[in-house]
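A.B. asks: Fold the following for me, if possible:
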Amino acid sequence: MNQQMRTILKTCFYDYHRQHGAKMVDFAGWEMPLHYSAGIVAEHQHTRQAISIFDVSHMGRLKISGKGAQNLLEHVCTRKIGGFTPGRSGYSLLCRQDGGVIDDVIVSRFDRHWLMVCNASNREKVIQWLTTHAAAFDAKIEDETFSTAMVSVQGPKAIEYLDGVLPEPPSEIKRYHFQIQNYLIASFSVFRTGYTGEDGVEIICGKNVAQMAVNFLSKSGDDKPDSLKPAGLGARDTLRLEAGMPLYGHELTESIDPITAGLDWAVARDKPFIGSEAIENVRLRGPERLRIGLEITGQRIARQGAKIKNENGEEIGEITSGTLSPTLQKVIAMGYVQTPYVAVGTQVLVDIRGIDTPAVVVALPFYRR
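C.D. replies: Have a look, this model is predicted:
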C-alpha cells in the first residue's frame, strides 16, 4: 500500500541544533530539538538559574494588514485590542461560535500592520479561520512563518545579558511590549514576552540573517556555568507547566471554553466577538469544571488522560499535563475537575497506571519568579 509521505519541516537553526548535540523529534510537522547533550532537567534548571535560548521558529507568524485589520481582530479575538498602541502585545484567544478555543495567540501592533503568533499545530487552522472572516473586513492575511525565524531567550540573567548584546537595551522594554531594532543591515523585533515563567524576550528576524543572529546572541560562548545555552522543547514544556501556563492540545482545546480554562482575564466583557455570547453564558451560570493544579504523592508522573477521583473513588476529572518538577522536586500536574473539588487543599486521588495515588489541589502557578 502506498502511503503519502509527509514533509518534515526544518527551521533555520537545524544545523545549530545538530552542532550542539540535539536529539531531534517531529513536533507539529517540524523537526525540533527535544533536548541537547545536557538533558531536559539540566536545561530546565539552567533556565531557572541563568539564561537559555530556545528555537521557537516552528510557531506561526501571521501578518494582518489592511484598513479593516483592527476590526477583524476585534471580531475574532477575545481580548480587546483596539486600544493597543504601536509597540504593544497582548495574549488572546480565538474561539468558535460555541466558545471552544481554536488557539491561544499573541497579538502585536506595528505602525502599519498587526502580527499574530500562533501555535505550530494550529497554524493552518488559524490561517483558514482568519481568511474566512477577513473579506468582510477588508483585511489581508500573510503567512510569514517561512520567511522569518524566532528565538526565545529566557532566564533571570537574560535581560542583563541582552542589555550588553543588543543595539538597544531590552531592559527599557515594558512587559508585553516590543521594539524594532537594527544591526548592520538586519532589522528585527524584540518582544518582552515568554513562556517559561522567567523574564526574557522573544526575537523575530528575517530568515536570511537568522544564523548570524543566533551566533551574535551566543557570542559569549556556552562554556561558562551561567552563560547562554540552548534548551529544547522538553525543558520548555516542564518550565511552562511549573509556571501554570496552558498548552494547546492539553489544557486548551476546541471543547474547552476560556472560563473553564481559568482565562477569564483574557476575555473582554465590553465588546462582541465570535463566541462571546456562549462564553458569557458559561460565566453567568458558572462552569461545570475548572482547571486546577495538583501536587501528587510519590515519584510517579500522571500523564494526560489519567483520571482524577474523589476520596470515594468516584471519577471527577482528568489530568491534562504532568511532570516531576525539577525546581520543586515534586510531582505536579494540571487538569480539570468538577467545580465542587477546585478549592485549594482538596484531597483527591489520581489513577496512575491503575494505582489510585493521593494528591492535593494547590494554587497556580506552581512556581513564581
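
A.B. asks: would you put the C-alpha positions of stretch 20-34 in PDB?
C.D. replies: Output of stretch 20-34 as PDB, limited to C-alpha atoms (Å, rounded to 0.1, in the frame of the first residue of the first chain):
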ATOM      1  CA  HIS A  20      25.100  21.200  19.800                       C
ATOM      2  CA  GLY A  21      24.100  17.600  20.000                       C
ATOM      3  CA  ALA A  22      20.400  17.900  19.900                       C
ATOM      4  CA  LYS A  23      18.000  15.000  20.000                       C
ATOM      5  CA  MET A  24      15.600  15.900  17.200                       C
ATOM      6  CA  VAL A  25      11.900  14.900  17.200                       C
ATOM      7  CA  ASP A  26       8.900  15.500  15.000                       C
ATOM      8  CA  PHE A  27       6.700  18.200  16.600                       C
ATOM      9  CA  ALA A  28       3.700  19.500  14.700                       C
ATOM     10  CA  GLY A  29       5.400  18.600  11.400                       C
ATOM     11  CA  TRP A  30       8.700  20.300  12.300                       C
ATOM     12  CA  GLU A  31      12.000  18.600  13.200                       C
ATOM     13  CA  MET A  32      12.700  20.200  16.500                       C
ATOM     14  CA  PRO A  33      15.200  19.700  19.400                       C
ATOM     15  CA  LEU A  34      13.700  17.800  22.300                       C
END
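
A.B. asks: Which positions in that stretch come out as buried?
C.D. replies: For stretch 20-34, the neighbour count (16 or more other CB atoms under 10 Å) marks His20, Ala22, Met24, Phe27, Trp30, Glu31, Met32, Pro33, Leu34 as buried. Any C-beta I mention is one placed from the backbone N, CA and C, and that applies to glycine too.

A.B. asks: The spatially closest residue to Leu364 that is not a sequence neighbour and Pro365, how far apart?
C.D. replies: Nearest non-adjacent residue to Leu364, counting by CB to CB, 6 or more residues apart in numbering: Gly244, 3.6 Å away. Note on Gly244: its distance to Pro365, by CB to CB, to the nearest Å, is 3 Å.

A.B. asks: again, but for Gly234
C.D. replies: Distance from Gly234 to Pro365, by CB to CB: 19 Å.

A.B. asks: out of these two, which sits in the more crowded spot?
C.D. replies: Applying other CB atoms under 10 Å to Gly234 and Pro365 shows that Gly234 carries more neighbours, namely 20 against 17.

A.B. asks: Hmm, that one is touching Leu34, no?
C.D. replies: Yes. Contact criterion CB atoms under 8 Å: Gly234 and Leu34 qualify, at 5.0 Å.

A.B. asks: before we move on, the earlier item: in contact with the residue nearest to Leu364, which residues are there?
C.D. replies: Contact analysis of Gly244 by CB atoms under 8 Å, 6 or more residues apart in numbering lists Gly197, Gly293, Met334, Leu364, Pro365, Phe366, Tyr367.

A.B. asks: Identify the residues contacting Lys229.
C.D. replies: Lys229 sits next to Tyr36, Ala38, Glu43, His46, Ala50, Ile51, Ser52, Ile53, Asp222 when contact means CB under 8 Å, 6+ apart.

A.B. asks: Look up how far Glu43 lies from it.
C.D. replies: Going from Lys229 to Glu43 by CB to CB gives 7 Å.

A.B. asks: burial count for Ala284?
C.D. replies: For the record, residue 284 is Leu, not Ala. 8.

A.B. asks: meant to ask about Arg236
C.D. replies: 28.

A.B. asks: what residue ranges in this protein are flagged as low confidence?
C.D. replies: Low-confidence regions of the chain, defined by pLDDT under 70, span residues 1-6, 220-223.

A.B. asks: hey, where'd the helices end up in it?
C.D. replies: All helices of the chain, identified by DSSP state H, fall at 14-19, 40-49, 69-76, 123-134, 158-163, 210-217, 233-242, 276-285.

A.B. asks: sorry, back to before: which of the buried residues of stretch 20-34 fall in strands?
C.D. replies: Judged by DSSP state E, strands contain the following of these: Met24, Phe27, Trp30, Glu31, Met32, Pro33, Leu34.

A.B. asks: which one among these gets closest to Leu9?
C.D. replies: Trp30 (4.7 Å; CB to CB).

A.B. asks: what does stretch 182-190 rub up against?
C.D. replies: Under CB under 8 Å, 6+ apart, the answer for stretch 182-190 is 108, 115, 166-168, 170, 173, 178-181, 201-206, 209, 212-213, 216.

A.B. asks: Give me the PyMOL select line for those residues, limited to the buried ones.
C.D. replies: In PyMOL, a selection of the buried entries from the contacts of stretch 182-190 looks like this (16+ other CB under 10 Å):
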select buried, resi 108+115+166+170+173+178+179+181+201+202+203+204+205+206+209+213
